[in-house]
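Peer 1: my questions are about this predicted structure, shown below with the sequence.
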Amino acid sequence: MTTKEEFISSITKRIGRQKPEKVNPPDFSDHPADGLYDSFSQKDFVDQFIRELEALSGKVIHVETIGKLGTAIESFLEENKVENVVVWNDDTESGQAIRTACEEYSKINDNTHVIAWNDDGNREELLFITERSDAGIVYAEYGISETGTVVLYNIAGKGRAVSLLPDNIGIVLHEKDVVPRITHVLERMNESAIDHSCINFISGPSRSADIEMSLSIGVHGPGGITVFLVKNE
Amino acid sequence: MKTSNLPFHERVDVAFKDDFLQESLKKAQEKFITGKANTYKPLGDPEVWRKRAEEVRRHTIDNLDYYLDMLATNIEKRGGKVYFAKTADEASRYVTDLAQSKEVKTVVKSKSMISEEIHLNHALEKLGVDVIETDLGEYIIQLAGETPSHIIVPAIHKNKKQIAELLSKVAGRELPDDPPGLYQFARKVLREKFLQADLGISGCNFAVAETGSLLLVTNEGNGRFTTTFPETHVVMMGMERIVPRWKDLDTLITLLPRAATGQKITTYLTAISGPRRDGDVDGPEELHFVIVDNGRLNAVGSKFQEILHCIRCGACLNICPVYRHIGGHAYGSVYSGPIGAVLTPVLRGFDEWAELPYASSLCGACTDACPVRIPLHEMLVDLRNDQILEKRSPTTERIAFKMFGKMTATPRFYATGLKAGKTVLNLFAGREGVESGPGKLKNWTKERTFPSPAPQSFRDWWKSGKKNNEKK
Ligand code: SF4
């Protein structure tokens, strides 16, 4: 067995100097992306986000205000003929809006059932139910314009499986949270990674191309991604 | 590390006779090269990005001891466990011991080249554990009992008929060879395994020292499955796969998918920091990092240190005219293409890998393609020189030349590879950035007659005399 000390000191020896007390990673005053988006307005970033997401076969439903999320969710559930929908259980405004919208819908549609991630049941039960759900609805902390990406922070009621197991995923994203590129999310990761055991960057549906390089969608994870894009209030 | 017992030139022969392999390598290379160009374009000047990416890698590896220490401390702070493994045996024993102590029955694995290096599947299977690769390409070759032939597209050498046969065995009935149906079947099998598995093993695209985190880069999402459902998650990490801070990932993660498959980003980037927290329902209860040396130390402080800058994008395979013609298996090592030709002898020594540095035309296209600017073809020259110093060259060089001569004398090299060959020649006929390549090449070819690729007249000549020469 090799100890940590042995392992690391063998590297130090090969490098051929003392192991430093402190190393400062290089900080650069410029960024290779400087200037790429100088002429972009926030609307341009949002438009680019939509273009990139649609190019990956993701869908966008525009929502005027978070209060009107219900209509958008209704059309999403109807279009995908959803019977079981699992949602995050979270008391932020977006979290509440998602849950309320789904519950309202299920009240008038006997065939649709709503499960909130950790309301009841243990881990095994929840995973079992989620695996059998046709849709999962969550919200994003950020949207990344350059790549059509949504960023999900998972913790407690915001389970990882909700955006992974169901065939169709709905994601609420506020236009104001669309950032130009991944740089802006990474800058905050030193804190957010400490607070969350899992953070997912999702760009379109799950893709596989391992059989003669023919692209297939949804082999492992969800085949459909819909973003509910909420206008700035 | 070894993936075949056939001698090198026989492995090359096998690849040459495989029409499907030849066709799909060509298709893949063309697709990836075009995709790469298209996704680099919107970034502005790619050199600025590559230089920055190189600087980040250089700084990290120059201070590898410091950052590994920081990483280990922070993994533990997040509640994870760290194990340092000097050898393949140590690494694999740690995992098998863990599997035994937890009475593990089913293991799901997402792609990890290092487990290939240390033959981890084999060790686990010996214990009677059911091990399933969940990257679909890896799953296919696992069923076939083979090894990956491309870092990014492991089953590139298999056609749909062969895949249908393999999956039919799992199904216990005959599956038609249409991809959608096969994908559907694979989905069902993999889903079941994901939910059953008690241990998940993943690779490590990047470990982030400042928070003790892991970043997994996948398209299928199998990396998410592996780290969401099993109660225990083991990360197999080569000791160089590390960055200081999240923000240092910026250029690397911008270039990696573009260089690999011509995507601006992969479908999933999954950042894991410790096991599940209080209140979390999914995610593993235990998280173990196995940080593996297995020969990497040879490179540290040597003239080959930069090989540890590699981010495993596969761009050097995708551009390489030799890889295009012989495919991954001919290299006989876990790592193929230009990266494999350098990395394997550096990790393992020349004893069994003397030919690999010769599996290259030294055209410099790999160096030009590498997102972190590793001077691959210069290293290949250095490795050849080292062999000469070790007085190994006469035989190995002879074998290598036989192989290379055979390859360039084969019409196929021109028929299917002419375009790649030409691009490559254009690259070193006057582009900046590969200057050192042709320079070295010139020195080196002074003493040797280097089979010159791509003269149109050769092809014409060959066309006319085809019949006579083919069976030689
Ligand atoms: S050597 Fe460079 S091009 Fe090849 S796989 Fe590594 S990073 Fe990619």
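Peer 2: Nice, thanks for sending it over.
Peer 1: and residue B:269, helix, strand or coil?
Peer 2: Following DSSP: H, G, I helix; E, B strand; the rest coil, the label given to residue B:269 is strand.
Peer 1: touching, it and residue B:214? I think so.
Peer 2: No - between residue B:269 and residue B:214 there is no contact under Cβ atoms under 8 Å: 10.9 Å. (C-beta placed from N, C-alpha, C; glycine too.)
Peer 1: please identify which of these two sits among more neighbours.
Peer 2: The neighbour comparison of residue B:269 against residue B:214 (other Cβ atoms under 10 Å in any protein chain shown) goes to residue B:214, with 30 against 27.
Peer 1: ok, now which ones touch that one?
Peer 2: By Cβ atoms under 8 Å, 6 or more residues apart in numbering or on different chains, the residues touching residue B:214 are B:202, B:204, B:206-208, B:235, B:237, B:271-273, B:289.
Peer 1: give the contact list for residue A:225.
Peer 2: Applying Cβ under 8 Å, 6+ apart, the residues near residue A:225 are A:53, A:56-59, A:168-169, A:171, A:202, A:204-205.
Peer 1: just want the phi and psi numbers for the residue nearest to residue B:212 when sequence neighbours are not counted.
Peer 2: With sequence-adjacent residues excluded and distances taken as Cβ to Cβ, 6 or more residues apart in numbering or on different chains, residue B:212 is closest to residue B:74, at 3.0 Å. With angles defined as degrees, to the nearest 10, residue B:74 sits at phi -80, psi -30.
Peer 1: try the one 10 residues further on
Peer 2: According to degrees, to the nearest 10, the main-chain angles of residue B:84 amount to phi -100, psi 130.
Peer 1: ok, residue 206 - how many residues close by?
Peer 2: Just going to use chain A. 27.
Peer 1: you looked at the wrong chain, it should be chain B
Peer 2: Neighbour number of residue B:206 under other Cβ under 10 Å is 22.
Peer 1: that one contacts residue B:242, doesn't it?
Peer 2: Yes - between residue B:206 and residue B:242 a contact is recorded at 7.0 Å, counting by Cβ under 8 Å.
Peer 1: got any residues that touch both of residue B:269 and residue B:214?
Peer 2: Joint contacts of residue B:269 and residue B:214 (Cβ under 8 Å, 6+ apart) do not exist.
Peer 1: most neighbours out of the contacts of residue B:214, which is it?
Peer 2: Neighbour count (other Cβ under 10 Å) singles out residue B:272 as the most crowded of those, with 31 neighbours.
Peer 1: not counting sequence-adjacent ones, nearest residue to it?
Peer 2: Among residues not flanking residue B:272 along the chain, residue B:214 sits closest, at 4.5 Å (Cβ to Cβ, 6+ apart).
Peer 1: and residue B:257, by the same measure?
Peer 2: Spatially, and ignoring its direct neighbours in sequence, residue B:257 is nearest to residue B:263 (4.4 Å; Cβ to Cβ, 6+ apart).
Peer 1: contacting residues around the one you found?
Peer 2: Residues near residue B:263 by Cβ under 8 Å, 6+ apart: B:35, B:39, B:219, B:257.
Peer 1: report the distance from stretch B:158-173 to the chain centre.
Peer 2: Distance of stretch B:158-173 from the chain centroid (Cα atoms, centre = their mean, to the nearest Å) equals 25 Å.
Peer 1: next one: stretch B:115-127
Peer 2: With Cα atoms, centre = their mean, you get 18 Å for stretch B:115-127.
Peer 1: could you work out the end-to-end span of that stretch for me?
Peer 2: Using Cα to Cα, to the nearest Å, the end-to-end distance of stretch B:115-127 comes to 16 Å.
Peer 1: mind checking what helix or strand follows the helix or strand where residue B:181 lies in sequence?
Peer 2: Counting by DSSP states H and E, the element that carries residue B:181 is helix B:179-196. Per DSSP H and E, helix B:179-196 leads on to strand B:199-202 as the next helix or strand towards the C-terminus.
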